[in-house]
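In: I need the structure of the sequence given here:
(one chain, ligands or ions: 1)
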Amino acid sequence: MCGIVGYTGPQSASIPLIEGLRRLEYRGYDSAGIALGTPGKLFIEKKAGKLSNLENALDATLPNVHSGIGHTRWATHGGPTDTNAHPHVDNDEKLAVIHNGIIENYTELRAQLEAKGHKFSSETDTESVAHLLSDLRKEHEGDLTAAMRDAVKALRGSFTLLAIHADKPDVVVGVRRNSPLVVGVGKGENFMASDVAAFIEYTKHAIELGQDEIVTMTPTSIEITDLEGKSVKAKEYEISWDASAAQKGGFAHFMLKEIFEQPKAVADTLIGRLSDNNQILLDELHMSADEIRSLKKITVIACGTAYHAGMVAKYAIEKWAKIPVDVEIASEFRYRDPIIDPSTLIIAISQSGETMDTLMAVRHAKAAGGRVLTICNTNSSTIPRESDAVLYTHAGPEIAVASTKALLTQIIAVYLIGLHLGQVNGSLKDTEVRDLYKELLELPGKIEQILETVEPLRELTRTFAHNNTVLFLGRNIGYPVALEGALKLKELAYIHAEGFAGGELKHGPIALIDQGTPVIAILPAGHEHSLDEKMLSNIQEVKARGARVIVIAEEGAHVEGAEHVIRIPVAPALFQPVLATVPLQVFAYEMAVVRGNDVDQPRNLAKSVTVE
Ligand code: M6R
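Out: Numbers count the residues shown, from 1 in each chain. Reported below is the predicted structural model:
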């Protein structure tokens, strides 16, 4: 939920730290701060509000020192004030700590530390760690790593912690438990951060860390130890994203850039998935044909936008593989008694791979004997590491808080899984798979076509900017699209928006329609069960009650009753979400721009939600 970065090396530390925080600001942006490794007493600056507030506060007197830690915050304990901003320091201001996560036993720790004479200044859970570490470091005669080891043993909760001390300012110590931390291995300099985006400009070599592993880094060394102090072998990997992927590249916002990156993201996720003899290649699933044939049920768990990809999975997998699929919001999953056994496949979907609700659901499923396959966009993040198998999407870094290209690639991953399962269990013929895969390969071009013609949609959107309610209607595979359209609008434009299944309208929601209420209807593709006609009737029903109707329809489809029709290219019905979602993303984006909202960092949100 917060962004964390640490640096030690020859550069003036404030430069990589601020640059790193800028790249991590998507993780939280209600306050920011840095501690620089000035010998004697640390230099600390922290400010409520966006990173720019901190930058403005850092004047020319900024010390030119070569190590430090930086933090951008999404508040949990204590409001977003200067005082509650990180870093937090001990009473000598020699030791500073930054933290992502929650220390569950902080009240008890704080009481113990106050009883020993420590003076607290903030309302945060993190400050207890600064005081605790300070005492433990003294006990360990100045060894910050040993102090961190003992501190971690005393802490409950989820956390990434970085600490620095003025007596040995070039040493930065970090640890993670249920919260992300990666090490960036540079030449004569090293980094730690919540996400590789923070240091990708300086190095493409990274080390992934396991639970409760402690990193001690200097400019020329990286030592990883476990809680007993035993050395742990570093798991190094190459970062495949390039630095430009984490920059706006001439677009006004990351979100717009990411919307326009969708054709490539979809194409990259599809590359090399069909063999010469028309078999879907998904070795990552690590499932034998017998195991696939014995599957009795699939449960998809995810949150927010990823949950909508899960809903698409239900339609696709049930249709192609004839395996029953449940889709569940991850935060609800483990609080009932879900029936899981070895014949159940759990599919977790998460862009970040760090969403705590999804992670806890995965752990619950695994503990109950389920096999977990994760669809994820972030290499070496926690959820994939704890899953039995991972299918990585290739969306590249998604920086805007609102998910766009990650969703489309998640849907593609879901299609590949559905086709593979159906092919292996004999529900789909090889020729059907081949034909569907060919259609998948057409999707990037079709998304491009939509993006080439969005300008009129952007203009049209402006005429809705002052409405306070927008409703979305979909049927069948268009229903998750309607939900996604509404979610995007809520999070970006701060407008009350709801998505409904078209048939459900008459059971209550139609009472919301008033003179001028905008309704966006996704006309079902294909003509199975005459669903398109049923949606046309829904359109007439809302129009008769004063709604202004926009319809998203395939080229050539018959439409009546719409004030505006947005055409999307023709594709097989199940693939419609990949196309129909795109105009809705643009609609939400434009609404946010017109209303003067912060597109990439909408209020109250964070990109990756690492608390339950
Ligand atoms: O990283 P994840 O895919 O697990 O994140 C799940 C949701 O928090 C995320 O999709 C959220 O709903 C987006 N901000 C929506 O645009």
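
In: pick out the residue of this structure closest to the ligand.
Out: Here the chain gets closest to the ligand at one residue, residue 304, 1.9 Å apart by C-beta to the nearest ligand atom. The way it works is simple: take the backbone N, C-alpha and C, and place the C-beta from them, glycine included.

In: what count of nearby residues applies to residue 379?
Out: Around residue 379 there are 19 other residues, counting by other C-beta atoms under 10 Å.

In: is residue 63 in contact with residue 44, as I believe?
Out: No: in this structure, residue 63 is not within contact of residue 44 by C-beta atoms under 8 Å, at 11.1 Å.

In: got any residues that touch both of those two?
Out: Listed contacts common to residue 63 and residue 44 are residue 36; contacts here mean C-beta atoms under 8 Å, 6 or more residues apart in numbering.

In: domain parsing for the chain?
Out: Following the assignment in automatic domain parsing, the chain carries domains at 3-246, 248-441, 454-612.

In: which residues in the stretch 51-200 of the chain form strands?
Out: Using DSSP state E, counting those that start in this stretch, the strands found in the stretch 51-200 of the chain span residues 67-73, 88-89, 95-103, 157-165, 172-177, 182-185, 190-193.

In: for this protein, which residues are neighbours of the ligand?
Out: 303-306, 350-352, 355, 358, 401-403, 487, 491, 608-609 (C-beta under 6 Å from any ligand atom).

In: show the contacting residues for residue 207.
Out: When contacts are counted by C-beta under 8 Å, 6+ apart, residue 207 touches 182, 183, 185, 215, 222, 224, 234, 235, 236, 237.

In: now list the buried members of the residues you listed.
Out: Neighbour-count burial (16 or more other C-beta atoms under 10 Å) applied to the contacts of residue 207 gives 182, 183, 185, 215, 222, 224, 234.

In: with adjacent residues omitted, what lies nearest to the third one?
Out: Taking C-beta to C-beta, 6 or more residues apart in numbering, and ignoring the residues beside it in sequence, residue 185 has residue 205 as its nearest neighbour in space, at 4.1 Å.

In: those helices in the stretch 1-150 of the chain, which residues are they?
Out: Assignment of helices within the stretch 1-150 of the chain using DSSP state H, counting those that start in this stretch yields the ranges 14-24, 51-57, 106-115, 126-139, 144-154.

In: can I get these in TSV with mean neighbour count?
Out: As requested, the helices of the stretch 1-150 of the chain are arranged in TSV below (neighbours: other C-beta atoms under 10 Å):
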stretch	mean neighbour count
helix 14-24	23
helix 51-57	16
helix 106-115	16
helix 126-139	23
helix 144-154	20
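
In: turn those into JSON lines, columns for mean pLDDT.
Out: Output for those, formatted as JSON lines (pLDDT from 0 to 100):
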{"stretch": "helix 14-24", "mean pLDDT": "94"}
{"stretch": "helix 51-57", "mean pLDDT": "91"}
{"stretch": "helix 106-115", "mean pLDDT": "95"}
{"stretch": "helix 126-139", "mean pLDDT": "96"}
{"stretch": "helix 144-154", "mean pLDDT": "97"}
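
In: TSV for the ones you listed, including distance to residue 8?
Out: Listed next are those as TSV, based on distance: least, C-beta to C-beta, whole Å:
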stretch	distance to residue 8
helix 14-24	10
helix 51-57	20
helix 106-115	28
helix 126-139	18
helix 144-154	13
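
In: how about these, which one is nearest residue 92?
Out: Smallest distance to residue 92 across the helices of the stretch 1-150 of the chain (C-beta to C-beta): 7.3 Å, for helix 126-139.

In: can you name every helix or strand that that closest one contacts?
Out: strand 88-89, strand 95-103, helix 106-115, helix 144-154, strand 157-165 (3 or more C-beta pairs under 8 Å, 6 or more residues apart in numbering; DSSP states H and E).

In: re earlier: in a markdown table, list the domains of the chain along with distance to residue 448.
Out: Shown next, in a markdown table, are the domains of the chain (distance: least, C-beta to C-beta, whole Å):
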| stretch | distance to residue 448 |
| --- | --- |
| domain 3-246 | 19 |
| domain 248-441 | 5 |
| domain 454-612 | 10 |
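
In: which ones are touching the residue positioned nearest the centre of the chain?
Out: With distances taken as C-alpha atoms, centre = their mean, the residue of the chain nearest its centroid is residue 352 (3.8 Å). Shown in contact with residue 352 (C-beta under 8 Å, 6+ apart): 376, 377, 378, 381, 607, 608.

In: okay, now the first one: neighbour count?
Out: By that I understand residue 376. 28.

In: kindly report the same for the third one.
Out: A count of nearby residues for residue 378, using other C-beta under 10 Å, gives 25.

In: I'd assumed residue 353 was in contact with it.
Out: Yes: here residue 378 lies in contact with residue 353, judged by C-beta under 8 Å, at a distance of 4.4 Å.

In: which residues do those two both contact?
Out: With contacts taken as C-beta under 8 Å, 6+ apart, the residues that reach both residue 378 and residue 353 are residue 384.

In: coming back round to it: out of the residues of the chain next to the ligand, grab the one that's most surrounded.
Out: residue 350 (31 neighbours).

In: residues in contact with it?
Out: Contacts for residue 350 (C-beta under 8 Å, 6+ apart) come out as 302, 303, 306, 358, 374, 375, 376, 381, 383.

In: quick one: low-confidence parts of the protein?
Out: Applying pLDDT under 70 to the chain picks out residues 1, 60, 243, 527.

In: how about a cut-off of 50?
Out: Nowhere does the chain drop to pLDDT under 50.

In: where is the longest helix in it?
Out: What stands out as the longest helix in the chain, according to DSSP state H, is helix 430-452.

In: in that one, what's buried?
Out: Neighbour-count burial for helix 430-452 flags 433-434, 436-437, 440, 443-444, 446-451 (criterion: 16+ other C-beta under 10 Å).
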